[in-house]
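A.B. asks: generate coordinates for the sequence data below:
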Amino acid sequence: MMRWLRFLLIMFIGLLAFVFLFSLFLPSVGHTERAGVIDAPLDTVMSRLTDVHLLARWMQGWSTDSVDRNLEFQFIEDTSDQQACFSWYHRGLTHRSGSFCITRISHNRQVDYRMDMPGLPFITGHFVVAPALDNTHTWIKWTMDMQLGWWPWWKYYGVMLDRLVGPGMEHALGSLKADCEQADTLGYQIHRIPLPFHTILVIADTILASKKYQALQQANRLLEKQMQVLGLSQQAALIAQYLPLHDSMQEMHVGIPVIWPAQADMKRMEDRLPAKFHLLTMPEGGFVLVATMQGPASKIPGAYRALQHYLQKQHLQSPAGPWEQYPDNLPVSDTSHLLVKVYWPVF
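C.D. replies: Coordinates of the predicted model:
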């Protein structure tokens, strides 16, 4: 029995010695990195890397742990050496905490940092950015180096570092990408989607700009009446397009996307329509850019400007002007809280 115990003890000591000796050949710095391309200019990206308030917002998910309302931040700016830091504390079961400090900004192209977390070796790294050839995209690389020292368990931890934190870095870079691209579209989230409808029953009229919503309500009632006469069913919410004429007058085209009946004759159906009404057929396979605006009506022009800016940045062309869609009920007079989607056809 004692012989077996001595044998097992020798084996155990030998295994420890092997693990220790093998760890000597492992690097004393754990390294991982991720890279990507952001559809925004370099200045927009750098502002998210050098302002710790913005940096903390997109970088929350760098680890694989989820972030919730229990996460608290504290920001510190040391103007003497231009060092800016933030610390975090998570009031969860594990009470996770840590700090992040920008240590150097080089030529507006590289940001060095240090990160400290209790119970772990400190981490250093940097963000390197470079403009793409078109100057509208930015290439970014994020590196992370953990200083492991000579302890074997930390060296083995370093071997697994990429698998442990790499997915979280990808998630955080995705947050940075979304933040920068949204900022570069004047704060609006813009999506490119297939054309959501193809046949539209339209009424045209000339209106006073100040009577926009009253005219929309009347046009909506007239369109619904014609849909009943023609036996059409509604496919999507009311849409409208406005063309300025002179003074305060506008040419208004209001439409309801409809489901086209099988075997229906469009020419015969159009002949039954009164004046000012017509059926519009959108081409198959088209795309639209969509910007959603929620708030007062005075903000709707901002969605138009954001879409136009995005069109120019992406070098897209449009076969027609934009139109608005109203998923909610139209207001009678109070336009302080609207939900409006602005569509812009592109090719």
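
A.B. asks: so where do the helices sit in the stretch 1-150 of the chain?
C.D. replies: Using DSSP state H, counting those that start in this stretch, the helices of the stretch 1-150 of the chain run over residues 2-23, 42-50, 52-59.

A.B. asks: least confident of those helices, on average?
C.D. replies: Of all the helices of the stretch 1-150 of the chain, the minimum mean pLDDT falls on helix 2-23 (a mean of 57).

A.B. asks: check contacts around residue 145.
C.D. replies: By Cβ atoms under 8 Å, 6 or more residues apart in numbering, the contact list for residue 145 reads 29-31, 123-125. For every residue, glycine as well, the C-beta is placed using N, CA and C.

A.B. asks: of those residues, buried ones?
C.D. replies: 30, 123, 125 (16 or more other Cβ atoms under 10 Å).

A.B. asks: now distance to residue 167 and pLDDT too, for those, in a markdown table please.
C.D. replies: Shown next, in a markdown table, are the buried ones among the contacts of residue 145 (distance: Cβ to Cβ, whole Å; pLDDT from 0 to 100):
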| residue | distance to residue 167 | pLDDT |
| --- | --- | --- |
| 30 | 16 | 77 |
| 123 | 17 | 86 |
| 125 | 17 | 92 |
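
A.B. asks: and the pLDDT for residue 84?
C.D. replies: 86.

A.B. asks: what is the burial count for it?
C.D. replies: Using other Cβ atoms under 10 Å, residue 84 is surrounded by 20 other residues.

A.B. asks: beta partners of the nearest residue to residue 128 once chain neighbours are set aside?
C.D. replies: With Cβ to Cβ, 6 or more residues apart in numbering as the criterion, residue 128 has its nearest non-adjacent residue at 4.7 Å, and that residue is residue 141. When bridges are called by DSSP bridges, residue 141 pairs up with residue 35, residue 128.

A.B. asks: thought residue 255 was touching residue 223?
C.D. replies: Yes: the pair residue 255 / residue 223 is scored as a contact, 7.4 Å apart, by Cβ atoms under 8 Å.

A.B. asks: more neighbours, those two?
C.D. replies: Shown here are residue 255 and residue 223; by other Cβ under 10 Å, residue 255 has more neighbours (24 against 21).

A.B. asks: distance of that one relative to residue 335?
C.D. replies: Separation of residue 255 from residue 335 (Cβ to Cβ, to the nearest Å) stands at 21 Å.

A.B. asks: isn't there a strand covering residue 339?
C.D. replies: Yes: judged by DSSP: H, G, I helix; E, B strand; the rest coil, residue 339 forms part of a strand.

A.B. asks: pLDDT below threshold where in the stretch 101-250 of the chain?
C.D. replies: Along the stretch 101-250 of the chain, segments meeting pLDDT under 70 span 149-156, 158-159, 183-184.

A.B. asks: go with 90
C.D. replies: For the stretch 101-250 of the chain, applying pLDDT under 90 flags the ranges 106-108, 115-123, 131-137, 144, 146-198, 209-213, 229-231, 244-248.

A.B. asks: tell me where it has strands.
C.D. replies: Here the stretch 101-250 of the chain has its strands, by DSSP state E, counting those that start in this stretch, at 110-116, 123-131, 138-147, 190-194, 199-208, 233-234, 239-244, 249-259.

A.B. asks: could I get those as a markdown table with distance to residue 339?
C.D. replies: Output for the strands of the stretch 101-250 of the chain, formatted as a markdown table (distance: least, Cβ to Cβ, whole Å):
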| stretch | distance to residue 339 |
| --- | --- |
| strand 110-116 | 39 |
| strand 123-131 | 36 |
| strand 138-147 | 33 |
| strand 190-194 | 16 |
| strand 199-208 | 20 |
| strand 233-234 | 18 |
| strand 239-244 | 13 |
| strand 249-259 | 17 |
